[in-house]
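> pasting the structure only:
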């Protein structure tokens, strides 16, 4: 009993948890950071914009080839200032990762820190989460915005202010990747109802319209400039003409393959669902897991994706948050419940050797090679 209390007090220390998080995730990020092929499509649109040709792929053809307007705007700004695609993109991804960890620790304080740390091990061991914490794609920004959304939902007591702030983050999630809003739509509908009960429909609608002004501005620009409210890539992927049964089958195969090569990601999602349903401290964990269910239904409906795990990182993070906010630690039969969770994690971990490769030091190798080239050139 004393040992358990000592462990709890160690994890709850003000400095040790942030330090451990920082060191562990920094080590993993340095070892595994990379850029995925698709980001070079965005890079070309960035270059064309910086050269004065507009946010397009081919000069003179107004086609939106990226699905992440907010991420695109950050890349345009940073690359325009620092003049380096590779390093700025990885630095931005790393900054988003640190922001995610910081907000995740604050979220844990509303639940249970020890349980949150335990659940967060899934993030370190998830191939999908580690792969797409860099990659150049928009996933790191989605992660930090998702954590910000949950934190606001937990900390803001005034129903109208909470609805306004979460609606702003809802819009930013949409601008980062439109289909990411499935994760938070149930929670947003619940907060809409709470705001209505507190302030009435008229004031609530005004708040909603004010909060989504960035979305309305972007969609107006997109319609005028590109002639479409949705990106060309989304139109190409969702209007294939295949039977619905075939798309659902492909989506199911996507999930099965993900579980084979990365069992911890979907295993954590499956573990979080009953925990949040039975032991959620309030409505929020249950609403978040309802959003995860919508996300997975959407993935199946569109036939999955060719980038394994890309669409599952936000579901994993949401599941970790739901576990951290549960009452698992406060139930009477703590030992049985903790062993149940540990057993579930162990089965997922032992299902295959699916953890990411942490030993390549790709960033440091590229940095040293760049320094060597510069030195040899100046010799």
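Done, it's in. All of these numbers come straight from a predicted model, not from anything done at the bench.
> please go through this protein and pick out the longest helix.
Counting by DSSP state H, the longest helix found in the chain is helix 85-108.
> what's in contact with it?
For helix 85-108, contacts defined as CB atoms under 8 Å, 6 or more residues apart in numbering pick out 17-18, 21-22, 25-26, 29, 33, 35, 39, 43, 46, 74-75, 78-79, 82, 116-117, 120, 133-136, 140-141, 143-144, 147-148, 150-151, 154, 317, 320-321, 324-325, 363, 366. Every C-beta, even on glycine, is put in place using the N, C-alpha and C of the backbone.
> for it, what is the distance to the chain centroid?
11 Å (CA atoms, centre = their mean, to the nearest Å).
> in it, what's buried?
Residues of helix 85-108 classed as buried under the neighbour-count rule (16 or more other CB atoms under 10 Å) are 85-90, 92-94, 96-105, 107-108.
> about what we covered before: show me which of the contacts of helix 85-108 are buried.
Those of the contacts of helix 85-108 that meet the buried threshold are 17, 21, 25, 29, 33, 35, 39, 43, 46, 74-75, 78-79, 116-117, 120, 133-136, 140-141, 143-144, 147-148, 150-151, 154, 317, 320-321, 324-325, 363, by 16+ other CB under 10 Å.
> check what pLDDT residue 130 gets.
Residue 130 is assigned 93 on the pLDDT scale.
> show the subsequent helix or strand relative to the helix or strand containing it.
Take DSSP states H and E as the rule and residue 130 turns out to sit in helix 127-131. Next along the chain after helix 127-131, taking DSSP H and E as the criterion, comes helix 139-155.
> from the chain's centre, how far out does whatever helix or strand comes next after that next one sit?
For helix 139-155, the succeeding helix or strand toward the C-terminus, using DSSP H and E, is helix 159-176. Centroid displacement of helix 159-176 relative to its chain, using CA atoms, centre = their mean, is 16 Å.
> what lies in contact with helix 159-176?
68-71, 138, 141-142, 145-146, 148-149, 152-153, 156, 180-181, 183-184, 187-188, 191-192, 194-195, 197-199, 203-204, 207-208, 210-215, 218.
> flag every buried residue along that helix.
Residues 159-160, 162-176 are the ones in helix 159-176 that count as buried (16+ other CB under 10 Å).
> now do that helix against helix 139-155, angle only.
Using axes from the mean of the first three to the mean of the last three CA atoms, to 10 degrees, the inter-axis angle of helix 159-176 relative to helix 139-155 is 170 degrees.
> now helix 159-176: mean pLDDT?
So the average pLDDT for helix 159-176 ends up being 96.
> mind giving me the packing neighbours of the next helix-or-strand element following it?
The C-terminal neighbour of helix 159-176 among helices and strands, as given by DSSP H and E, is helix 185-199. Packing partners of helix 185-199 (3 or more CB pairs under 8 Å, 6 or more residues apart in numbering; DSSP states H and E): helix 139-155, helix 159-176, helix 201-211, helix 283-301.
> where in this protein is pLDDT low?
1-15, 17, 238-240, 279-281, 327-379 (pLDDT under 70).
> give me the most central residue, it.
Nearest to the mean C-alpha position of the chain, by CA atoms, centre = their mean, lies residue 143 at 3.0 Å.
> thought that one was touching residue 315?
No - using CB atoms under 8 Å, residue 143 is not in contact with residue 315; the gap is 11.3 Å.
> determine the three-state secondary structure at residue 66.
With DSSP: H, G, I helix; E, B strand; the rest coil as the basis, residue 66 sits in coil.
> tell me the contacts of it?
For residue 66, the contact set (CB under 8 Å, 6+ apart) comprises 41, 42, 45, 55, 72, 231, 233.
> distance check, it against residue 183.
21 Å (CB to CB, to the nearest Å).
> same question, residue 320
13 Å.
> can you check residue 292 too?
Residue 292 is 6 Å from residue 183, where distance means CB to CB.
> what is in contact with those two at once?
Joint contacts of residue 292 and residue 183 (CB under 8 Å, 6+ apart) are 315, 318.
> count of neighbours near residue 222?
17 (other CB atoms under 10 Å).
> is it part of a helix or strand, or is it coil?
helix.
> ok so, going back, buried ones only from the contacts of residue 66, please, as a PyMOL command.
Buried members of the contacts of residue 66, defined by 16+ other CB under 10 Å, are picked up in PyMOL with:
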select buried, resi 42+45+55+72+231
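> which two in the contacts of residue 66 are spaced the farthest apart?
Spatially, the most separated pair among those is 55 and 233, at 13.6 Å (CB to CB).
> what is in contact with the two at once?
In terms of CB under 8 Å, 6+ apart, residue 55 and residue 233 are both contacted by the residues 64, 66.
> now intersect the contacts of residue 66 with the helices, please.
Per DSSP H, these map to helices at 41, 42, 45, 72, 233.
> which residues touch the second one?
For residue 42, the contact set (CB under 8 Å, 6+ apart) comprises 65, 66, 68, 71, 72, 75, 136.
> kindly report the same for the fourth one.
Residues near residue 72 by CB under 8 Å, 6+ apart: 42, 45, 46, 55, 66.
> phi, psi of the last one?
Right, residue 66. Main-chain torsions, residue 66, degrees, to the nearest 10: phi -120, psi 150.
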